[in-house]
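[1] pasting a predicted model and its sequence here:
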Amino acid sequence: MPYYEQPGRQTTIDRDGKKSLTVTFIGDQEAPIPSDIRGVPRSKSVTRDAAGAIRTSYTYDHVTGGDGGGGGSDNVTVEIIGAVQSEPIETHPNYGGGDKPESAYIKREGLKIIQDAIHTAGKKFKDIEDEVRGTGSDVKRSESLYGYLAAGVTSYYVPTVVVRKTYVSAGPGSLSGVGKIRPPNCTLPPLPKKVNFLLINVSSRGIPGGLFQVTEEYQMSGPNGWDSWLYGGS
């Protein structure tokens, strides 16, 4: 695991009504300073327990907002946007895409034969039909895919969700998570179990009071989630 914020941000309020906040992360590496807290950083501590887990804690003074940033309803605006994204047409469920490749209609070997034929001048599907059948691939589906590829149709649109979260922070936000799998950490409508989100954009602008308005955008994955090997990281 990289690092994960622990539930229950610890808030204290002094006799003058000034709020302080402590945020703690646990993981296998030191966590960077949070980007969603509206307050003045006071201290940072890093410790390692007997199991080797690293605990990173940040404390802020003069905090405003419901929980200092990331979840306070008076400090965070969330937009949920329905959109589409492009996927290779050979991954369409009609051709064997989805989360059960072992039951694919077009086997990997059959797909390679089709793709090679597309790039061979004068070659038609009937010239490779027996080869495709020999791979155990569904012939009608294979001919349909060949027709799309031959016509230059190489992708199709699938529905997705973009979450745009805007908040006020003492800092300009962190760019370290861009291009990585990150949860939006906000309330969302019911979604398929295996999907996750990729942080695709972080932008910020200065506002009065020496603060920053930070906007983060997260894009939902396909049905199997973003690949953790490609987009995991730290």
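    Received, thanks.

[2] okay, and the residue nearest to the spatial centre of the chain sits in which element?
    Centroid check for the chain by CA atoms, centre = their mean gives residue 198 as the closest residue, at 1.7 Å. In this assignment (DSSP states H and E), residue 198 forms part of strand 197-207.

[3] could you name the helices and strands sitting against that strand?
    strand 155-169, strand 211-220 (3 or more CB pairs under 8 Å, 6 or more residues apart in numbering; DSSP states H and E). The C-beta positions use only the backbone N, C-alpha and C, and glycine is treated the same way.

[4] okay, the residue nearest to the centre of the chain: pLDDT?
    Reading off the per-residue confidence, residue 198 sits at a pLDDT of 94.

[5] now swap in the one 10 residues further on and tell me
    Residue 208 is assigned a predicted lDDT (pLDDT) of 73.

[6] domain parsing for the chain?
    Taking automatic domain parsing as the criterion, the chain consists of the domains 1-71, 75-86+159-234, 87-156.

[7] and the second one, how far out from the chain middle?
    The reference is to domain 75-86+159-234. Shown here is domain 75-86+159-234, whose average C-alpha point lies 7 Å from the average C-alpha point of the whole chain (CA atoms, centre = their mean, to the nearest Å).

[8] same check on the shortest one?
    With CA atoms, centre = their mean as the basis, the distance from the averaged C-alpha position of domain 87-156 to the chain average is 29 Å.

[9] what mean pLDDT does that domain get?
    In this model, domain 87-156 has an average pLDDT of 87.

[10] could you work out the end-to-end span of that domain for me?
    The straight-line separation of the ends of domain 87-156 (CA to CA, to the nearest Å) is 6 Å.

[11] rewinding a little: surely the residue nearest to the centre of the chain meets residue 222?
    No - using CB atoms under 8 Å, residue 198 and residue 222 do not qualify as a contacting pair, with a distance of 11.0 Å.

[12] if residue 155 is in a bridge, with which residues?
    For residue 155, the beta-bridge partners under DSSP bridges are residue 88.

[13] how much space between residue 29 and residue 139?
    Distance, residue 29 to residue 139, using CB to CB, to the nearest Å: 51 Å.

[14] ah, wrong one, I meant residue 187
    Note on residue 187: its distance to residue 139, by CB to CB, is 48 Å.

[15] for the two, indicate the residue with more neighbours.
    Counted by other CB atoms under 10 Å, residue 187 and residue 139 do not tie: residue 139 has more neighbours, with 14 against 8.

[16] is the nearest residue to that one once chain neighbours are set aside in a helix, a strand, or coil?
    Closest residue to residue 139 apart from its sequence neighbours, by CB to CB, 6 or more residues apart in numbering: residue 133 at 5.4 Å. Residue 133 falls in the helix class when you classify it by DSSP: H, G, I helix; E, B strand; the rest coil.

[17] before we move on, back to that, out of the helices and strands packed on strand 197-207, deepest packed?
    Among the helices and strands packed on strand 197-207, judged by mean count of other CB atoms under 10 Å, the one packed with the most neighbours on average is strand 211-220 (a mean of 20).

[18] helices or strands up against that strand?
    Packing partners of strand 211-220 (3+ CB pairs under 8 Å, 6+ apart): strand 155-169, strand 197-207.
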